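A.B. asks: Could you look at this predicted model? Sequence included:
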Amino acid sequence: MLNKLIYIFQKQQLRNVEERDINMEQLQKMVEKGAILVDIRSPQEYGEGHLQGSISIPEYEFRIKAKNILPDKSIPIIVYCGTGIRSKRAQKKLERMGYERVYNLYQGFESY
């Protein structure tokens, strides 16, 4: 019974790859072409390690800071967090705010 519960829990934690989810290889190519890389984890998490060239905009400050830090809504933006769950929410927020090309690092920073 316990093994079955563990299996169900693990399956719920994994989500399917969705449109505009990218992997690390795609991320690197996009950054080379000018995409903006945004780490949405807390300042403490960012301080413990982050992807080179990323800017820190914590998820809880996203709505307020994104407009000032990311004024051009047509530039590609890649968001990431530890597991890809918070950054998926941030991706949806940016899209609702009118950003046109927002991508999410699938399964986040910790999986690479």
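C.D. replies: Arrived safely.
A.B. asks: Show the model's pLDDT score for the most centrally placed residue in the chain.
C.D. replies: Nearest to the mean C-alpha position of the chain, counting by CA atoms, centre = their mean, stands Tyr80 at 2.4 Å. Here the pLDDT value assigned to Tyr80 is 98.
A.B. asks: Likewise for the one 5 residues further on?
C.D. replies: Per-residue confidence (pLDDT) for Ile85: 94.
A.B. asks: isn't it right next to Gly108, touching?
C.D. replies: Yes. Counting by CB atoms under 8 Å, Gly108 is a contact partner of Ile85 at 7.5 Å. For glycine as for every other residue, the C-beta is placed from the backbone atoms N, C-alpha and C.
A.B. asks: Looking at these two, which is more packed in?
C.D. replies: Shown here are Ile85 and Gly108; by other CB atoms under 10 Å, Gly108 has more neighbours (20 against 14).
A.B. asks: Quick one: the helices in this protein, in order.
C.D. replies: For the chain, the helices defined by DSSP state H cover 2-13, 24-32, 43-48, 62-69, 85-96.
A.B. asks: which of these has the lowest average pLDDT?
C.D. replies: Mean pLDDT is lowest for helix 2-13 among these, at a mean of 48.
A.B. asks: mind listing what Glu95 touches?
C.D. replies: By CB atoms under 8 Å, 6 or more residues apart in numbering, Glu95 lies in contact with Val102.
A.B. asks: how close does it sit to Ser42?
C.D. replies: The spacing between Glu95 and Ser42, counted by CB to CB, to the nearest Å, is 23 Å.
A.B. asks: how close does the residue lying closest to Arg89 once chain neighbours are set aside sit to Gln28?
C.D. replies: Using CB to CB, 6 or more residues apart in numbering and skipping residues adjacent in sequence, the residue nearest Arg89 is Glu59, 7.0 Å away. Glu59 sits 23 Å away from Gln28, going by CB to CB.
A.B. asks: Which one's more surrounded, these two?
C.D. replies: The neighbour comparison of Glu59 against Gln28 (other CB under 10 Å) goes to Glu59, with 17 against 14.
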